[in-house]
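Trainee: no sequence on hand, only this structure:
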């Protein structure tokens, strides 16, 4: 039996260990804040314990983290109370006062706000680089550059960054490379295989997949995970054990869901190209995507997000999303349900208007988070909403 199973099997089972017998098929929930110790020697082994106090760790966390690490091909993983808790903790664990961060310009709005508003308060400077300017990352590096932060595909414009090039740049300059892999998921892309040091997820999205919990995750080398574990313990952004169990449950169908979302999103993107009322469609695997060759070299699928520039006024764009019936008007993504939102007014509303304009995030850009429904129903829903606005 292959003890290094393929992705569908990893999603359901994790690593196959022959010695596992006479145990529950479903991991139990350790819904306890603290644990009884058999002796003081046991009690004092706190740093590595997952049965001491849940802010330090919990057996339910350990099971979930092991599964995420196996999916990403990492030494270890940590789960957090939210995606932003994971991002903020990772950045503050890696960076110090006087350090410099090189960051991709079009990433999730919450991460940009954290980097732009909070890091300067701790004496950490940053430089933003357009993802389709690969030489820009090299030009931005300084002697005090400690980390490079990217997101690929990006939110919401679905631009792609050359992972091998970023990893090599980080190694050459002694900088930690970090990527938000939420949109791709480990089913479509495993950045550690390209040399990226830290992989981040908003587990709220595709990992959990059912829009019923908020969580984050980080994977990396043993040394980095140990450092991040100390930071998580201090900052306190841990999950609840029951939420961790729900995350584990959701990940069992991750590969199945993502495969369907890949298919639906590509069908939707191709259908929308050239439709009346549609100016441009953004999706990594479309034939006219400027980085399609790069996408095919580092991604197994295009993901479940499609962004569409409508040839409508901002007011008509709002009427369009309000006219959708199958697709829900909501700001999240990655669940089994399909969602639509206007990023300029929701996920990126905290970004200055000048930055949004430069990135092409206008009030007529709609982001579709494609679920697992029948693609025909999603297509018909968009067509009827476009017809409703046109009439």
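Mentor: Structure's in. What do you need? Remember, predicted model here, so these are calculated numbers, not experimental data.
Trainee: so which elements touch the helix or strand containing residue 389?
Mentor: Take DSSP states H and E as the rule and residue 389 turns out to sit in helix 375-390. The helices and strands touching helix 375-390, judged by 3 or more C-beta pairs under 8 Å, 6 or more residues apart in numbering; DSSP states H and E, are helix 254-272, helix 314-323. Placement of C-beta: from N, CA and C, glycine included.
Trainee: how about those helices in CSV, adding mean neighbour count?
Mentor: What follows is the helices and strands packed on helix 375-390, written out as CSV (neighbours: other C-beta atoms under 10 Å):
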stretch, mean neighbour count
helix 254-272, 21
helix 314-323, 17
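Trainee: tabulate those helices (CSV), appending distance to residue 58 and mean pLDDT.
Mentor: Converted to CSV, the helices and strands packed on helix 375-390 look like this (distance: least, C-beta to C-beta, whole Å; pLDDT from 0 to 100):
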stretch, distance to residue 58, mean pLDDT
helix 254-272, 22, 98
helix 314-323, 40, 97
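Trainee: how about the ones you listed in a markdown table, adding distance to residue 243?
Mentor: What follows is the helices and strands packed on helix 375-390, written out as a markdown table (distance: least, C-beta to C-beta, whole Å):
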| stretch | distance to residue 243 |
| --- | --- |
| helix 254-272 | 16 |
| helix 314-323 | 29 |
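Trainee: quick one: contacts of the helix holding residue 389?
Mentor: With contacts defined as C-beta atoms under 8 Å, 6 or more residues apart in numbering, helix 375-390 is touched by 263-264, 267-268, 271-272, 275-278, 312, 316, 319-321, 323-327, 338, 370-371.
Trainee: now stretch 120-138
Mentor: Stretch 120-138 is contacted from outside by 92, 95-106, 115-116, 119, 140, 148, 150, 152, 154, 159-162, 165-166, 169, 290-291, using C-beta under 8 Å, 6+ apart.
Trainee: helices of the stretch 151-300 of the chain, start to end?
Mentor: Assigned by DSSP state H, counting those that start in this stretch, the helices in the stretch 151-300 of the chain fall at 163-173, 185-188, 222-235, 241-251, 254-272, 292-298.
Trainee: one step back: which of the contacts of stretch 120-138 count as buried?
Mentor: 92, 95, 99-106, 115-116, 119, 140, 148, 150, 152, 154, 159-162, 165-166, 169, 291 (16 or more other C-beta atoms under 10 Å).
Trainee: distance of the residue nearest to residue 291 when sequence neighbours are not counted relative to residue 378?
Mentor: Closest residue to residue 291 apart from its sequence neighbours, by C-beta to C-beta, 6 or more residues apart in numbering: residue 160 at 4.5 Å. Here the criterion is C-beta to C-beta, to the nearest Å. By it, residue 160 lies 24 Å from residue 378.
Trainee: then residue 204?
Mentor: 22 Å.
Trainee: re earlier: can you list the helices of the stretch 151-300 of the chain in JSON lines and add distance to residue 31?
Mentor: Compiled in JSON lines, those are given as follows (distance: least, C-beta to C-beta, whole Å):
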{"stretch": "helix 163-173", "distance to residue 31": "38"}
{"stretch": "helix 185-188", "distance to residue 31": "27"}
{"stretch": "helix 222-235", "distance to residue 31": "19"}
{"stretch": "helix 241-251", "distance to residue 31": "5"}
{"stretch": "helix 254-272", "distance to residue 31": "24"}
{"stretch": "helix 292-298", "distance to residue 31": "40"}
